[in-house]
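[1] what shape does this take:
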Amino acid sequence: MKLLVIITYKENTKKLKEELVSGNFSLTKLQSQGGFLEKKNTTFLVGVENDKVNDVLEVVKRCCKTREKAISPPAYMSTGMEGGLNPSEMTKIKVGGATVFVMDVEKFVKI
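    Residues are numbered from 1 along each chain as shown. Predicted structure coming up:
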């Protein structure tokens, strides 16, 4: 058995949850927040048998697309030295998508 920890951008939450539930995957949904952009995320915990991991990953790929966004770099990234980032300049980054951790589960008990 595997535990998938799926962290995704808030905008992907509804569609991903609907697709996972319609695929008969049990899940727990947690509200979370990113450390870099400090934006709201959702973390899903999904336990599946080993042969279902790729099915879950396919759902994630369908529902969680990346896109580019222009942001001002956080102040801590500006060094004030040559070659540092200027906080007044916009920087393009990729947002959205998902980060998925797949972990072995030694024991699963449902009480």
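[2] the closest residue to K10 other than its chain neighbours bridge partners, please.
    Of all residues not flanking K10 in the chain, K40 sits nearest, at 4.4 Å (Cβ to Cβ, 6 or more residues apart in numbering). All C-beta spots, glycine's among them, are computed from the backbone N, C-alpha and C. For K40, the beta-bridge partners are Q33 (DSSP bridges).
[3] in contact with K40, which residues?
    10, 31-34 (Cβ atoms under 8 Å, 6 or more residues apart in numbering).
[4] okay, and the helix or strand of this protein with the least pLDDT?
    Sorted by mean pLDDT, DSSP states H and E, the helices and strands of the chain end with strand 91-96, the least confident at a mean of 71.
[5] redo the contacts of K40 as CSV? Include neighbour count and pLDDT.
    Output for the contacts of K40, formatted as CSV (neighbours: other Cβ atoms under 10 Å; pLDDT from 0 to 100):
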residue, neighbour count, pLDDT
K10, 15, 87
Q31, 10, 93
S32, 15, 89
Q33, 11, 81
G34, 14, 76
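[6] which among these gets closest to K2?
    S32 (20.2 Å; Cβ to Cβ).
[7] contacts only, for that closest one.
    Taking Cβ under 8 Å, 6+ apart, one finds 7, 40-43 in contact with S32.
[8] which among those residues end up buried?
    Among the contacts of S32, those classed as buried by 16 or more other Cβ atoms under 10 Å are 7, 41-43.
[9] ok, which pair from these is furthest apart?
    I7 and T42 (7.6 Å).
[10] any idea of the pLDDT on the closest residue to E49 other than its chain neighbours?
    With sequence-adjacent residues excluded and distances taken as Cβ to Cβ, 6+ apart, E49 is closest to M1, at 5.9 Å. Reported pLDDT at M1 in the predicted model: 95.
[11] tell me, how many residues neighbour M1?
    14 (other Cβ atoms under 10 Å).
[12] quick check: it vs L57, distance?
    16 Å (Cβ to Cβ, to the nearest Å).
[13] and if you look at T42?
    Taking Cβ to Cβ, one finds T42 at 17 Å from L57.
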